[in-house]
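Student: what follows is a predicted protein model with its sequence.
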Amino acid sequence: MFDTLSDRLSSVFSKLTGRGLLTEANVDDALREVRRALLEADVALEVVKDFLAKVREKAIGEEVIKSVSPGQTVIKIVNDQLTELLGSENVELNLRSGPPSIIMMVGLQGSGKTTTSAKLANYVRNKSKLKTLMASLDVTRPAAQEQLEILGAENAIETLPIIKGQKPTEITKRACKEAKLGGFDVLILDTAGRMNVDDELMDELQSVNKIAEAHNVILVADSLTGQDAVNVADTFSKKIPLTGVILTRLDGDARGGAALSMRHVTGKPILFAGIGEKIENLEEFYPDRVSNRILGMGDVVSLVEKAKETIDADKANKIAKKISKGLFDLEDMAQQLKQMSKMGGISGILGMLPGINKVKKQMAESNINDQIINRQIAIISSMTPKEKRNPKILNASRKRRIAMGSGTEVSEINKLIKLYRQTSDMMKKFGKKGMLDQDLGAQDSDKSEINKLNDSKLREKMLSDLQNGSAGSKLPGLPGLPSSQNKLSNLLNITGRKK
């Protein structure tokens, strides 16, 4: 979402870092470009004015003028102000009240409330291990209640049985009663929306909240609607006692103005970000990490956490042992490709690494995308166990059969085999070190790596490396991923392309 803004800001700051001495005029010129970039990103005008005023006040102070690298200091100031604009620090969902702790989801029709309700229920269940009940109060949109019921059934989340003809207030009373009698820890109320904010909607929400006395009233806003999402949030915050915001479709190609303006306008924290359609595609919102992404510094901490969440330690260690013995086969390669897909694919992983915007553009121009990984997995899946263990037996007739079974071409199979041989040779060189930089079971080691990434001095060093074009090769090792110095080349090689 922030690619365009990130490119513009990187261009502005590269001019600053090239200067040995900064003057007030230099700073004003740079901030003028920053202002234009933020406005183009659809950030609210009042937010832009306040943001630039704070940056300018600090940027022309003695700390910057006397700094050894004034350009770097200005960038750090911008980074700090961006983080403050987004909310300074992560705010966790408060579920202490109750039971049941009642969460009321509000927002316009089409913002993704129903899907987000299911995602939130899944998140609460997995992270907090709490028994959760969902109830749909949307009696106006066709099949809205059935949609939530289906999402609940598909993901083993309990939903309130549907009784046709009941009003939202009646459903609310029944849901609260059922949650108490059923021993549920959390009750999520999926309220109705409208195409536009109107008095009827607000009256209904106020009546529901009067009955439920919700501990959390969360606004679900579509980030793709840009400034309109901010206007909607402002209206809701004046009528309903909001406690937080969830931004949906933050993985889209919008300009990012909603995310940058939301906290400033509503005064409420952004709790989560929806980053996909799957039930698990809901992430906690970390202002400092988002700020780092905008400034091209990546988000290595999130990448580490995602690796630890998705990697199967037992499977990873088994593969590591096989690699140390030189027994890496196509089934193991398929496991690695599937692992990459779970972590967000090539684009998802690269988006969290610092200093790779130019590489991402080169990949886009070369048509390198996650479909290549899916096709390679399909090819391996169409092989027999014997062929996976011993690719040398793949003759012309076998390749034609595999191509027909996977919907690919023989030439693609040849590229995959060539890639496998190159990867296998590389794995043998790793020897007893294995593909993993460290044992996934070594929790203390993992924690020390994350602590390193959270260290403010290291972040400043990463920012300096970024501006000097060397950040990509100086990252700490990531648990469950290849050696950090080979990380980018491995990601590109896995697609069959060269950097």
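Tutor: Thanks, I have it.

Student: what helix or strand is the residue nearest to Glu280 when sequence neighbours are not counted on?
Tutor: Ranked by Cβ to Cβ, 6 or more residues apart in numbering and with sequence neighbours excluded, the top spatial neighbour of Glu280 is Asn122, at 6.7 Å. All C-beta atoms are positioned from the backbone trio N, CA, C, and that covers glycine. Element membership for Asn122, per DSSP states H and E: helix 113-128.

Student: how about Gly98, secondary structure?
Tutor: coil (DSSP: H, G, I helix; E, B strand; the rest coil).

Student: same deal with Leu189?
Tutor: Assignment for Leu189 (three-state DSSP): strand.

Student: wait, what's in contact with it?
Tutor: Neighbour list for Leu189: 102-105, 135, 137, 172, 175, 208, 212, 214 [criterion: Cβ atoms under 8 Å, 6 or more residues apart in numbering].

Student: try Glu92
Tutor: 271, 284.

Student: could you give the mean pLDDT of the helix holding Asn122?
Tutor: Mean pLDDT, computed over helix 113-128, is 94.

Student: what element comes up after that helix heading to the C-terminus?
Tutor: With secondary structure assigned by DSSP H and E, helix 113-128 is succeeded by strand 132-136.

Student: pull out the buried positions in the helix or strand hosting Glu57.
Tutor: Assigned by DSSP H and E, Glu57 falls within helix 45-59. The neighbour-count criterion (16 or more other Cβ atoms under 10 Å) identifies 47-48, 51-52, 54-56, 58-59 as the buried residues of helix 45-59.

Student: all strands for the stretch 201-350 of the chain, in order.
Tutor: 216-222, 244-248, 270-274, 282-284 (DSSP state E, counting those that start in this stretch).

Student: pipe those into CSV and attach mean neighbour count, mean pLDDT and distance to Gln422 per row.
Tutor: Output for the strands of the stretch 201-350 of the chain, formatted as CSV (neighbours: other Cβ atoms under 10 Å; pLDDT from 0 to 100; distance: least, Cβ to Cβ, whole Å):
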stretch, mean neighbour count, mean pLDDT, distance to Gln422
strand 216-222, 25, 93, 44
strand 244-248, 26, 92, 41
strand 270-274, 24, 92, 37
strand 282-284, 19, 90, 34
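
Student: pipe those into a markdown table and attach distance to Glu331 per row.
Tutor: Output for the strands of the stretch 201-350 of the chain, formatted as a markdown table (distance: least, Cβ to Cβ, whole Å):
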| stretch | distance to Glu331 |
| --- | --- |
| strand 216-222 | 41 |
| strand 244-248 | 37 |
| strand 270-274 | 34 |
| strand 282-284 | 31 |
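
Student: okay, the helix ranked longest in the chain in CSV with CA atoms only?
Tutor: Counting by DSSP state H, the longest helix found in the chain is helix 410-430. Extracted C-alpha coordinates of helix 410-430, given in CSV (Å, rounded to 0.1, in the frame of the first residue of the first chain):
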residue,chain,number,x,y,z
VAL,A,410,8.1,-29.5,-20.1
SER,A,411,10.4,-26.5,-20.3
GLU,A,412,9.1,-25.4,-16.8
ILE,A,413,10.0,-28.9,-15.5
ASN,A,414,13.5,-28.6,-16.9
LYS,A,415,13.9,-25.2,-15.2
LEU,A,416,12.7,-26.7,-11.9
ILE,A,417,15.1,-29.6,-12.2
LYS,A,418,18.0,-27.2,-12.9
LEU,A,419,17.0,-25.1,-9.9
TYR,A,420,16.8,-28.2,-7.7
ARG,A,421,20.3,-29.2,-8.7
GLN,A,422,21.7,-25.8,-8.0
THR,A,423,19.9,-25.7,-4.7
SER,A,424,21.0,-29.2,-3.8
ASP,A,425,24.7,-28.3,-4.5
MET,A,426,24.3,-25.2,-2.4
MET,A,427,22.8,-27.3,0.5
LYS,A,428,25.7,-29.7,0.4
LYS,A,429,28.1,-26.7,0.9
PHE,A,430,26.2,-25.8,4.0
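
Student: what residues sit buried inside it?
Tutor: Neighbour-count burial for helix 410-430 [16+ other Cβ under 10 Å]: 412-413, 415-417, 419-420, 423-424, 426-427, 430.

Student: and what of stretch 162-178?
Tutor: Neighbour-count burial for stretch 162-178 [16+ other Cβ under 10 Å]: 168, 171-172, 175-176, 178.

Student: and of those, the nearest to Ser117?
Tutor: Nearest to Ser117 among the buried residues of stretch 162-178 is Ala175, at 12.4 Å by Cβ to Cβ.

Student: what's the closest non-adjacent residue to that closest one?
Tutor: Using Cβ to Cβ, 6+ apart, the closest residue to Ala175 is Ala135 (3.8 Å).

Student: equivalent analysis for Ile380, please.
Tutor: Ala334 (4.3 Å).

Student: could you count how many residues lie near Gln147?
Tutor: 18 (other Cβ atoms under 10 Å).

Student: ok, now Met105?
Tutor: 26.

Student: a strand runs through it, doesn't it?
Tutor: Yes - under three-state DSSP, Met105 sits within a strand.

Student: residues contacting Leu282?
Tutor: Contacts of Leu282 (Cβ under 8 Å, 6+ apart): 116, 119-120, 122-123, 246, 272-275.

Student: again, 10 Å this time
Tutor: 115-116, 118-123, 246, 248, 271-276 (Cβ atoms under 10 Å, 6 or more residues apart in numbering).

Student: dump the contacts of Leu189 to a markdown table, plus distance to Lys129.
Tutor: Compiled in a markdown table, the contacts of Leu189 are given as follows (distance: Cβ to Cβ, whole Å):
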| residue | distance to Lys129 |
| --- | --- |
| Ile102 | 18 |
| Ile103 | 16 |
| Met104 | 22 |
| Met105 | 21 |
| Ala135 | 21 |
| Leu137 | 26 |
| Thr172 | 26 |
| Ala175 | 22 |
| Val208 | 28 |
| Ala212 | 23 |
| Ala214 | 22 |
